[in-house]
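Peer 1: Compute the structure for the input listed below.
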Amino acid sequence: MSEPTSRPSPPRSTARTAEPGWATNCEGDWRRFASGPDVIAIMACGFDIDRARREISALTARPEWAGLSAVARGRVFITDGNQNFNRPGPQMAESAEILAELLHPGTFDVGHEGTGWAPP
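Peer 2: Sure, this is the predicted structure:
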């Protein structure tokens, strides 16, 4: 039997995610969008849909925002991150349904629009 290998831990993000709100240092995260995502689902920690909608300008004011393909195609959605995505719990099945609606709108319509997700 071979010896187990030790793997280094992945680097920790500089984004603060332990408290409600947007990550405070997302500079590195914008590089992830360079490939042009098909869909953007905003799941702000501790924010329901209304709160995220009120504060989305923190994202939309960035110069990179308008150039994202998901933005140009109207495929940006705000979710109830507080209720469905920021912590484990019995809502995990509902969270999967929400993602199915966002990613495959012609196939899945479980009825979460307006409560689990909404356009910005």
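
Peer 1: The closest residue to Asn84 other than its chain neighbours: neighbouring residues, count only.
Peer 2: Nearest non-adjacent residue to Asn84, counting by Cβ to Cβ, 6 or more residues apart in numbering: Ser95, 4.5 Å away. Where C-beta positions appear, they are placed from N, C-alpha and C, glycine not excepted. For Ser95, the count of nearby residues is 21 (other Cβ atoms under 10 Å).

Peer 1: Now do the SS call for Ser95.
Peer 2: helix (DSSP: H, G, I helix; E, B strand; the rest coil).

Peer 1: how near is it to Ala72?
Peer 2: 27 Å (Cβ to Cβ, to the nearest Å).

Peer 1: mind listing the helices for the chain?
Peer 2: 27-30, 49-55, 57-60, 69-72, 81-84, 92-103 (DSSP state H).

Peer 1: This completes my enquiry, with thanks.
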